[in-house]
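Undergrad: coords please:
(2 chains)
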Number of protein chains: 2
Amino acid sequence: MAAYCSASWINLSGAKRVIKALVNGLFSESISINSRGLSYGDGLFETISIVNGSPEFIDFHLERLSSDCDRLRISCDINAIRRDIFSLLKHADGNRHVIKVLVTRAESGRGYKPTFNIVADRIVILDALAISDIRHSQLGVKLRLCNHRLGINADLAGIKHLSRLENVMARSEWSSLDIVEGLVMDSAGHVVEGTMSNVFLVKDGELQTPALHRCGVAGIMRRVILDQIAPSLQIKTRVKDLYLKDVFASEELFMCNSLIGIWPVVAIGCHHKTIGKLTRSIQGSLANKDFEGA
Amino acid sequence: MAAYCSASWINLSGAKRVIKALVNGLFSESISINSRGLSYGDGLFETISIVNGSPEFIDFHLERLSSDCDRLRISCDINAIRRDIFSLLKHADGNRHVIKVLVTRAESGRGYKPTFNIVADRIVILDALAISDIRHSQLGVKLRLCNHRLGINADLAGIKHLSRLENVMARSEWSSLDIVEGLVMDSAGHVVEGTMSNVFLVKDGELQTPALHRCGVAGIMRRVILDQIAPSLQIKTRVKDLYLKDVFASEELFMCNSLIGIWPVVAIGCHHKTIGKLTRSIQGSLANKDFEGA
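TA: Below is the predicted model of the structure:
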């Protein structure tokens, strides 16, 4: 092995972000070039917000991970991941952090064929969180309507898997700092989600969000809003097919995910929106955690 | 760094395949857990057959890699990859080998947004090739008609990218050794490809293969057949939308890729096919390399 480079990884761009990371429970910052996560995007991930040293909605995150593993027939040790997360939290200082969990189907022979009876490789990363502009939550954000469309694939719909080139393509459409997020449709013209977030709109006092049975990621903050915050505020919710006309005709519009919380939308392209009362009350409920299970 | 595991990679399954690998030109078998190839399937790959120490159709492979990089706006040093390939060939013994090239968009900050002005990371792997049953070429193979459908995404169609979970899902549908490959359709019902190969059929003496402007991978062997072998044999070709009825009504049917060459199809599900003269003449031409550019 003497001829091998002593550095575990030779990185052209020199980027360095990770605070600490565990690969299958041991400190490491590299994975095998044979990883099926790298070769085929054959795996899953979770992004968990750490606030005051505590992983927010960790049970929801691990529940989704477990359920998505079942759908992809990936065998995963969820308890070991939970242990890894809490082990890494000891290395978090007082700032805000993010834990990223990656699960990749363990290596098998070459080729797409997966092996189902091998426990997946797990990667748990503690990272500092670049604080996004908190004005986004207060003043709202402008959206781009992305040209890139998501392919329809019911078998993979809702799953937070590693084959995310579509999201990269959609996010690559703009560089202006004035635009904060992009709204993405599927190839049949349904509104699906943001490039990195879910979308909600308010119509006739009802909170609506796209059904995700064709494509898209079923986000944890989306679930928190649907299952916990909206009921606690006695807001009616509806998960249904939505179209651009619904977005434009909506009384309120906001984006959400586990890290950003809730961003009201003030413009989509040249179409302007107003930040509304329901959005503000949901933001308030989330901030104060005055809902069941928070 | 003393607290870090000395092994560059902790692999639960213990799989070991690689003979030698270069990561950005240096011997290594690991990559960073921050690789955008792992995080998002944000990259490309090529699988090149090494026969008698020589990489087959290497110019076609590197041309496609370069062209696909342009489509994804990945900045890649193709000459360095060519050097890496020939450097690794010194480690190939007399057996058949395969070179796998992976290009992943270099790391940037967290999130989907790509950085366009950084040279991609390159991974070049020399691997022993598990010899597939040569009887497949002679006696033909049985196909499964896969339930899993490919999502339609014109921006990514044809590209051999790393977001390949759809292929994994399709390939996971069967484990019987009697079935060798699966035929995959898109969500709109067009026949697209095999899980790891392209498909050709013969109708009225004409060679037809699916148009790949909605999804699928435009394989190198497909190009060799369309651009070189068929013209040299004076066989008319047509790239068009094809449906299952065309497959069932075809006079001949075969699958192809850079490693397997050409596999005649003798059955798809319970529907039987006969190996035909055109398939045999194309196989003969490929074996004897009696076409321009071979």
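Undergrad: which residues sit in contact with the residue in the stretch 151-294 of chain A that chain B sits nearest to?
TA: Residue nearest to chain B within the stretch 151-294 of chain A: residue A:151 (2.3 Å; Cβ to the nearest Cβ). Quick note: C-beta positions are derived from backbone N, CA and C, even for glycine. Residues near residue A:151 by Cβ atoms under 8 Å, 6 or more residues apart in numbering or on different chains: A:166, A:186, A:187, A:215, B:150, B:151, B:152, B:153, B:156, B:187, B:215.
Undergrad: which bits of the stretch 151-294 of chain A sit near chain B?
TA: Proximity of the stretch 151-294 of chain A to chain B is confined to A:151-153, A:155-156, A:161-172, A:187, A:195-196, A:215 under the rule Cβ under 8 Å from any Cβ of the partner chain.
Undergrad: weed out the non-buried ones from the residues you listed.
TA: Buried by 16 or more other Cβ atoms under 10 Å in any protein chain shown: A:151-153, A:156, A:161-172, A:187, A:195-196, A:215, out of these.
Undergrad: strands - which of the residues you listed land there?
TA: With DSSP state E as the criterion, strands contain none of those.
Undergrad: about what we covered before: among the contacts of residue A:151, which lie within helices?
TA: Cross-referencing these against helices under DSSP state H gives residue A:166.
Undergrad: between the contacts of residue A:151, which is nearest residue B:124?
TA: When these are compared for distance to residue B:124 (Cβ to Cβ), residue B:156 comes out closest, at 23.5 Å.
Undergrad: what about residue A:259, neighbour count?
TA: Using other Cβ atoms under 10 Å in any protein chain shown, residue A:259 has 20 neighbouring residues.
Undergrad: for the one 4 residues further on, same thing?
TA: The local packing of residue A:263 (other Cβ under 10 Å) involves 26 other residues.
Undergrad: over to the one 4 residues further on?
TA: Using other Cβ under 10 Å, residue A:267 has 16 neighbouring residues.
Undergrad: determine the three-state secondary structure at it.
TA: Using DSSP: H, G, I helix; E, B strand; the rest coil, the secondary structure recorded for residue A:267 is strand.
Undergrad: what's opposite it in the beta bridge?
TA: Counting by DSSP bridges, residue A:267 forms beta bridges with residue A:142, residue A:272.
Undergrad: confidence score at residue A:10?
TA: For residue A:10, the pLDDT comes out at 47.
Undergrad: how about the helices of the stretch 151-294 of chain A, start to end?
TA: Under the criterion DSSP state H, counting those that start in this stretch, helices of the stretch 151-294 of chain A are mapped to A:165-171, A:220-224, A:230-232, A:244-249, A:277-288.
Undergrad: as a markdown table, those with mean pLDDT would be great.
TA: Output for those, formatted as a markdown table (pLDDT from 0 to 100):
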| stretch | mean pLDDT |
| --- | --- |
| helix A:165-171 | 98 |
| helix A:220-224 | 98 |
| helix A:230-232 | 97 |
| helix A:244-249 | 98 |
| helix A:277-288 | 96 |
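Undergrad: would you mind finding the most buried of the ones you listed?
TA: Stretch with highest mean neighbour count among the helices of the stretch 151-294 of chain A: helix A:165-171 (a mean of 25; mean count of other Cβ atoms under 10 Å in any protein chain shown).
Undergrad: what does that one rub up against?
TA: Contact with helix A:165-171 is made by A:41, A:146, A:148, A:150-151, A:182, A:184, A:195-196, B:36, B:40-42, B:72, B:105, B:111-114, B:153, B:155-156, B:161-163, as judged by Cβ under 8 Å, 6+ apart.
Undergrad: and the residue of the stretch 1-150 of chain A closest to chain B?
TA: Chain B sits closest to residue A:41 of the stretch 1-150 of chain A, with a gap of 3.2 Å, by Cβ to the nearest Cβ.
Undergrad: I'd say residue A:237 and residue A:206 touch.
TA: Yes: judged on Cβ atoms under 8 Å, residue A:237 makes contact with residue A:206 at a distance of 7.1 Å.
Undergrad: follow-up on the earlier one: between the helices of the stretch 151-294 of chain A, which one is closest to residue B:52.
TA: Of those, nearest to residue B:52 by Cβ to Cβ is helix A:165-171, at 35.6 Å.
Undergrad: how far out from the middle of the chain is that closest one?
TA: Relative to its chain's centre, helix A:165-171 lies at 13 Å (Cα atoms, centre = their mean, to the nearest Å).
Undergrad: may I have it as PDB, with CA atoms only?
TA: The C-alpha trace of helix A:165-171 is given here as PDB (Å, rounded to 0.1, in the frame of the first residue of the first chain):
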ATOM      1  CA  LEU A 165     -29.500  15.600 -10.400                       C
ATOM      2  CA  GLU A 166     -32.900  17.100 -11.200                       C
ATOM      3  CA  ASN A 167     -32.700  19.300  -8.200                       C
ATOM      4  CA  VAL A 168     -29.200  20.400  -9.100                       C
ATOM      5  CA  MET A 169     -30.300  21.200 -12.600                       C
ATOM      6  CA  ALA A 170     -33.300  23.300 -11.300                       C
ATOM      7  CA  ARG A 171     -31.000  25.100  -8.800                       C
END
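Undergrad: low-confidence stretches in the stretch 51-200 of chain A?
TA: Residue ranges of the stretch 51-200 of chain A with pLDDT under 70: A:94, A:108-109, A:130-133.
Undergrad: domain ranges for chain A?
TA: Here the domain parsing of chain A from automatic domain parsing is A:18-128, A:135-288.
Undergrad: rewinding a little: for the contacts of residue A:151, give me TSV that also has distance to residue A:258.
TA: Formatted as TSV, these follow (distance: Cβ to Cβ, whole Å):
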residue	distance to residue A:258
A:166	20
A:186	23
A:187	27
A:215	20
B:150	30
B:151	25
B:152	29
B:153	26
B:156	27
B:187	29
B:215	30
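Undergrad: for my notes, confirm residue A:85 occurs in a strand.
TA: No: read with three-state DSSP, residue A:85 is helix and lies in no strand.
Undergrad: give me the number of residues near it?
TA: Residue A:85 has 21 neighbours, counted by other Cβ under 10 Å.
Undergrad: I'd say it and residue A:101 touch.
TA: Yes: judged on Cβ under 8 Å, residue A:85 makes contact with residue A:101 at a distance of 7.2 Å.
Undergrad: pull up the overlap in contacts between the two.
TA: Common neighbours of residue A:85 and residue A:101 (Cβ under 8 Å, 6+ apart) are A:48, A:124.
Undergrad: ok so, going back, which one of the contacts of residue A:151 is nearest residue B:48?
TA: Of all these, residue B:48 sits closest to residue B:156, with 21.8 Å by Cβ to Cβ.
Undergrad: look up how far residue A:120 lies from residue A:36.
TA: In this structure, residue A:36 lies at 9 Å from residue A:120, with Cβ to Cβ, to the nearest Å as the measure.
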